[in-house]
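Q: have a look at this prediction, sequence included:
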Amino acid sequence: MTLTDEKLLYLNSADIAAICADIDPVDCVARALRQHAAGAARVGDEGVLRWSPGGAQQARTLNMPGMVGTGLVGTKIINANTGNPDRGLPRADGLTLLFDPATVRPAAILQGAQISALRTAAVSTLAAVRLHAGTPVTLALLGAGPIAQAHADLMARHLEIGRVLIHDQVPARAQALAARLRAPDGPFRDVRAAGAEQAVRPASVVVTATTTTTAYVPYRWIAPGATVINVSLDDIAADAYLASSLLYVDDWDLVTADTQRLLGHLARQGTVAGPGEPAPPGGRAVTGTLGQLLAGECPGRAHARQVALVNPFGMAVEDLAIAQEVYTVALSRGLGTSLDR
């Protein structure tokens, strides 16, 4: 990636949507995870600021830099306010910035929410493809927002899914997503809204995509052989982290540094040790990272009744890998808006 003249390329939501329909984000994040496992991809410390704009609203801004090899460097800025859906706005939005690796000057600005949602779904889909115990899959989606929609759409392309069960604290949202997914042009036929326990118990793949900060899914709900992907903060209870046969993260340092996520709390309490470390008394160690799983450097599923729990933090290098692919295609197609500096 090199800068030409004094221009910046801006890619809006429509540009990104058009390009993402023709690329494979799962392949992009798989490459980034393998490079991370090999030490060729680096993530910087996360910059975070949290505040309350008023009432029960909770807002935050995150800045997550990353670098892959010597040819890709950039940062992800993703902001969120829990009160935005009541305003008719997306909960999260942001930008992904790509820099010239030689001069470090910005080269491209990409609308970030779509890339972030697609990256989240791609990591989960990759984990589900690697770890699910059989087909057809019964998929449980906990949360019915844009992240859940992105998971359903992408998983439909990579997994044989027979049934989808959707739970949301607002039942109307779960019902609306179910209706969209089983529409004539939707990816599934058997889709229904359900309570949280009723969605989780029969599921072979569970994806949490909520904003809750209170755990509510105990281990006893999880079916033998299920793959549980905890995309959000605290849906999955502590006993599930300790009892699951397999436990994977994407980057252990990011998980342990985070003050919000349950797994980080368990690590700081000395209950859960990192990949390659001995399990503490009465606790357990993380099986490995997703990159190590892809590279064959840590155990995978040994039999169909093992419960696999995946707790991805969400690394900027994954977003940047997708953004670079989008940027490359945009240049080849002449898409985007050229901006003066």
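A: That came through, no problem.
Q: so what's the nearest residue in space to Val200 that is not next to it in sequence up against?
A: With Cβ to Cβ, 6 or more residues apart in numbering as the criterion, Val200 has its nearest non-adjacent residue at 4.5 Å, and that residue is Trp221. For every residue, glycine as well, the C-beta is placed using N, CA and C. Applying Cβ atoms under 8 Å, 6 or more residues apart in numbering, we find Trp221 in contact with 197, 200-201.
Q: and those residues, which of them are buried?
A: Burial by neighbour count, 16 or more other Cβ atoms under 10 Å: within the contacts of Trp221 this picks out 200-201.
Q: quick one: which of the contacts of Trp221 is nearest Asn81?
A: Val200 (28.2 Å; Cβ to Cβ).
Q: that closest one against Val217, yeah?
A: Yes - in this structure Val200 lies within contact range of Val217 using Cβ atoms under 8 Å: 5.9 Å.
Q: quick check: neighbours shared by the two?
A: Common neighbours of Val200 and Val217 (criterion: Cβ under 8 Å, 6+ apart): 142, 206.
Q: if we can go back for a sec, can you list the contacts of Trp221 in a markdown table and add distance to Thr213?
A: As requested, the contacts of Trp221 are exported to a markdown table (distance: Cβ to Cβ, whole Å):
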| residue | distance to Thr213 |
| --- | --- |
| Glu197 | 19 |
| Val200 | 19 |
| Arg201 | 23 |
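Q: show me the helices in the stretch 51-200 of the chain, by range?
A: 112-131, 146-158, 171-181, 196-200 (DSSP state H, counting those that start in this stretch).
Q: tell me the buried residues in the longest one?
A: By neighbour count on 16+ other Cβ under 10 Å, the buried set for helix 112-131 is 112-128, 130-131.
Q: and the helices in the stretch 201-341 of the chain?
A: For the stretch 201-341 of the chain, the helices defined by DSSP H, counting those that start in this stretch occupy 238-243, 252-257, 262-268, 290-295, 316-333.
Q: which one of those lies nearest to Ala21?
A: Here helix 316-333 is closest among the helices of the stretch 201-341 of the chain (Cβ to Cβ), at 10.6 Å.
Q: put the alpha carbons of that closest one into PDB.
A: This file holds the C-alpha atoms of helix 316-333, laid out as PDB (Å, rounded to 0.1, in the frame of the first residue of the first chain):
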ATOM      1  CA  ALA A 316      -7.700  -5.000  15.300                       C
ATOM      2  CA  VAL A 317      -5.500  -7.100  12.900                       C
ATOM      3  CA  GLU A 318      -8.700  -9.000  12.000                       C
ATOM      4  CA  ASP A 319     -10.500  -5.800  11.000                       C
ATOM      5  CA  LEU A 320      -7.400  -4.500   9.200                       C
ATOM      6  CA  ALA A 321      -7.100  -7.700   7.200                       C
ATOM      7  CA  ILE A 322     -10.700  -7.300   5.900                       C
ATOM      8  CA  ALA A 323     -10.200  -3.500   5.400                       C
ATOM      9  CA  GLN A 324      -7.100  -4.200   3.300                       C
ATOM     10  CA  GLU A 325      -9.000  -6.600   1.100                       C
ATOM     11  CA  VAL A 326     -11.800  -4.100   0.700                       C
ATOM     12  CA  TYR A 327      -9.300  -1.300   0.000                       C
ATOM     13  CA  THR A 328      -7.500  -3.400  -2.700                       C
ATOM     14  CA  VAL A 329     -10.800  -4.200  -4.400                       C
ATOM     15  CA  ALA A 330     -11.900  -0.600  -4.200                       C
ATOM     16  CA  LEU A 331      -8.800   0.600  -6.000                       C
ATOM     17  CA  SER A 332      -9.200  -2.000  -8.700                       C
ATOM     18  CA  ARG A 333     -12.900  -1.000  -9.300                       C
END
